[in-house]
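> Dropping the sequence and predicted coords here.
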Amino acid sequence: MKYKEDSPLEIVREEQSPKKVRIRKSTLFSVILFVLMISFLNNIFILKPDEYGVIKQFGKIVKVIDSPGLQIKVPFIQEKIILPKHVLFYDVPATEINTLDKKRIVVDYYTLWKITDPAQMLETLKTTYAAESRLSDIMYSNVRNELGKLEYGEIINPLDNNRGNVDLIVQESVNEILRANENGIEIVDIQMKRIDLPPSNEESVYKRMISERESKAQEYLSQGDAEATKIMANADREVQELIAKAKSKAEQVIAEGEKEAARIYNEAYGRDAEFFRLYTTLESYKTTIDNETVIILPMNSPYFKYLIGE
């Protein structure tokens, strides 16, 4: 019976058990190595040129990485936070404000901002969303205060306003508050996108604006008509002056021509007195004799003399 219990089959099984142990050890080692490799890879990260890397250990910031490249953190006890280094755009929600002349308007701003101190930003604001919310609150207060010092016409008229100065003042004021609170962010630029009217008074304001513009247009038309009348009067006066000068010059030229003609006539007539008398007599016939003229002449009349051919 003992011989049967120690059969060759049992002996083979006992010889194969160490191999199984070695296989299990090899598999376990591979699994451990794989887990360690995955863990190592998960704790390696690449930081881009436009990013900050912040390392926190047990909830506290222990390192701020500003240089791009391959970075590593301690597994399990450290965590990384990536923050943008480039300038960020934030569209500030539109808000209603009152102008100096008690007009209600809706202003819409946008701002460009950036993170200057990642550690301060995380400690005071936690996230970029919280930072934008903080910017919205501060900007609303400052925009309301500064635009409240201007009248409605000064704000909406691009040719006569101080809005550019207002934007700069708001930017400086907000940055002062951010520095005082050590928020680790700053505004790079702030600009107004548009100005609207609240729906409640938009129609009435539009009607008043139309009426004012029509009144202004009528004023311009009246000024234009007055200026046109003035220009036409000046033109008529200049025309009359030119015509008078031209007539005076023409009369002067005619007088000089008649004078010269008379001189020539006198010189010609002086050469033959008899011809002169004949010429003057014939010229007088033009005005005294026509087809129905009846002439009664004395015998010694010059007319009769020439008529009968003597």
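Nice, I can see it.
> did I read that right, Val54 in a helix?
No: with DSSP: H, G, I helix; E, B strand; the rest coil as the criterion, Val54 is located in strand rather than a helix.
> avg pLDDT for stretch 92-110?
On average, the pLDDT along stretch 92-110 is 86.
> before we move on, what about stretch 127-147?
Mean predicted confidence for stretch 127-147 is 90.
> For it, buried residues please.
128, 131-132, 134-136, 138-140, 142-143, 146-147 (16 or more other Cβ atoms under 10 Å). In short, each C-beta sits where N, CA and C put it, glycine included.
> and what of stretch 223-238?
Buried positions in stretch 223-238, judged by neighbour count with 16+ other Cβ under 10 Å: none.
> Then stretch 99-106?
Under 16+ other Cβ under 10 Å, the buried positions of stretch 99-106 are Thr99, Lys103, Ile105.
> How about stretch 268-286?
Buried-residue list, stretch 268-286, by 16+ other Cβ under 10 Å: empty.
> Report the distance from the strand or helix carrying Lys247 to the chain centre.
Using DSSP states H and E, Lys247 maps to helix 202-271. Centroid separation for helix 202-271 versus its chain: 44 Å, with Cα atoms, centre = their mean, to the nearest Å.
> continuing past that helix, what's the next helix or strand?
helix 273-288.
> Return the alpha-carbon coordinates of that next one using PDB.
Included here for helix 273-288 are C-alpha records, laid out as PDB according to Å, rounded to 0.1, in the frame of the first residue of the first chain:
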ATOM      1  CA  ALA A 273     -13.500 172.200 -97.800                       C
ATOM      2  CA  GLU A 274     -15.800 171.800-100.800                       C
ATOM      3  CA  PHE A 275     -15.900 168.000-100.300                       C
ATOM      4  CA  PHE A 276     -16.700 168.500 -96.700                       C
ATOM      5  CA  ARG A 277     -19.700 170.700 -97.400                       C
ATOM      6  CA  LEU A 278     -20.900 168.100-100.000                       C
ATOM      7  CA  TYR A 279     -20.500 165.300 -97.500                       C
ATOM      8  CA  THR A 280     -22.300 167.000 -94.700                       C
ATOM      9  CA  THR A 281     -25.100 168.000 -97.000                       C
ATOM     10  CA  LEU A 282     -25.600 164.400 -98.200                       C
ATOM     11  CA  GLU A 283     -25.500 163.100 -94.700                       C
ATOM     12  CA  SER A 284     -28.300 165.500 -93.800                       C
ATOM     13  CA  TYR A 285     -30.400 164.100 -96.600                       C
ATOM     14  CA  LYS A 286     -30.500 160.700 -94.700                       C
ATOM     15  CA  THR A 287     -32.500 162.300 -91.800                       C
ATOM     16  CA  THR A 288     -34.600 164.800 -93.700                       C
END
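> Counting by contacts, list what that helix packs against.
helix 202-271, helix 302-307 (3 or more Cβ pairs under 8 Å, 6 or more residues apart in numbering; DSSP states H and E).
> closest one to Thr281 among those?
helix 302-307 (5.8 Å; Cβ to Cβ).
> quick one on the thing from earlier: just checking, what packs against the helix holding Lys247?
Looks like helix 202-271 contacts helix 273-288 (3+ Cβ pairs under 8 Å, 6+ apart).
> average pLDDT across the helix it packs on?
Mean predicted confidence for helix 273-288 is 73.
> Would you point out the helix or strand in the protein whose mean pLDDT is lowest?
helix 2-5 (a mean of 46; mean pLDDT, DSSP states H and E).
> ok so Leu83 is a helix residue?
No: counting by three-state DSSP, Leu83 is not found in a helix; it is strand.
> neighbours around it, how many?
17 (other Cβ atoms under 10 Å).
> got the contact list for it?
Glu51, Tyr52, Gly53, Val54, Ile115, Pro118, Met121, Leu122, Thr128 (Cβ atoms under 8 Å, 6 or more residues apart in numbering).
> just curious, which of these is nearest to Tyr220?
Closest to Tyr220, out of all of the contacts of Leu83 and judged by Cβ to Cβ, is Thr128, at 52.2 Å.
> got the contact list for that closest one?
Leu83, Pro84, Leu88, Ile115.
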